[in-house]
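A.B. asks: how would this look folded up:
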Amino acid sequence: MLIRSWDRGDEQEWREWLAGRDFGLLAANNPDGGPLLVPTHFLLAGAEILLHLAAPNPLFAAVRADPRVTLAVTDDYAFAPGTWRATGVPTSYYASVQFDCTAEVLDGAAEKADILNRQLAHFQPETPDRRVVPGEEPFGHLLSGIRGLRLTVRQARAKFKYDDKAPVEHQAAAAERLAERGAAGDAGARAQLLRRHARRTAVPPVAD
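C.D. replies: Model prediction:
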């Protein structure tokens, strides 16, 4: 992913943006050639990402052959026609965070139960009594059907492509065009345009 200096996101920015976003595309190197892509929910825990997949998923063979993987999360995208922009050139607005990771396959019952319980606490907090215990009903016997993955993050790259190189008044105008159009995805892209616009136009504090 090409990241220009004006649309690079820092860690605080991408972590705040990722809050509430926990579905992405996991890419591994297929031993048979070409990338292997798996859409999946995940749990970001500090410098680790935890998830589980069905045991027959071909991604596990790929990871055992080459543990280098990338998880990408992309959202708040919209098309901006050239008529909206001073250059006359159309573009895409989007936010994307990509994690370059080293993957470890977890196949022990206790390890898999731990991942599931942490995911349940995140995705289903309304049922804290629902726990996965190896060998116990109602879920313990299902652990053999899955494998866990622990992804250790080597690098995180974030891009917020919202016309930050354009004059601030053009950026604000594009946000209003998105509001007028109101197509699917426009509200999210507009929110990011306005947020980035506010960062650019914020008055720095005056030193005492």
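
A.B. asks: Report the central residue of the protein.
C.D. replies: Closest residue to the average C-alpha location of the chain: residue 73 at 2.6 Å, with CA atoms, centre = their mean.

A.B. asks: what's across from the closest residue to that residue other than its chain neighbours in the sheet?
C.D. replies: Spatial nearest neighbour of residue 73, excluding adjacent residues (CB to CB, 6 or more residues apart in numbering): residue 24 at 4.0 Å. For every residue, glycine as well, the C-beta is placed using N, CA and C. Applying DSSP bridges to residue 24 yields these beta-bridge partners: residue 40.

A.B. asks: Whichever strand or helix holds the residue nearest to the centre of the chain - contacts with which helices or strands?
C.D. replies: Assigned by DSSP states H and E, residue 73 belongs to strand 68-80. On a contact count with 3 or more CB pairs under 8 Å, 6 or more residues apart in numbering; DSSP states H and E, strand 68-80 meets strand 23-29, strand 91-106, helix 168-181, helix 186-201.

A.B. asks: Can I get those in CSV including distance to residue 57, mean neighbour count and mean pLDDT?
C.D. replies: Output for the helices and strands packed on strand 68-80, formatted as CSV (distance: least, CB to CB, whole Å; neighbours: other CB atoms under 10 Å; pLDDT from 0 to 100):
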stretch, distance to residue 57, mean neighbour count, mean pLDDT
strand 23-29, 10, 19, 98
strand 91-106, 11, 19, 98
helix 168-181, 38, 16, 96
helix 186-201, 30, 18, 96
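
A.B. asks: In this structure residue 170 contacts residue 85, no?
C.D. replies: Yes: if you go by CB atoms under 8 Å, residue 170 and residue 85 touch, sitting 6.9 Å apart.

A.B. asks: Find the residues that touch each one of those two.
C.D. replies: residue 163 (CB atoms under 8 Å, 6 or more residues apart in numbering).

A.B. asks: residues in contact with residue 97?
C.D. replies: Neighbouring residues of residue 97 by CB under 8 Å, 6+ apart: 9, 14, 17, 18, 72, 73, 156, 157, 158, 159.
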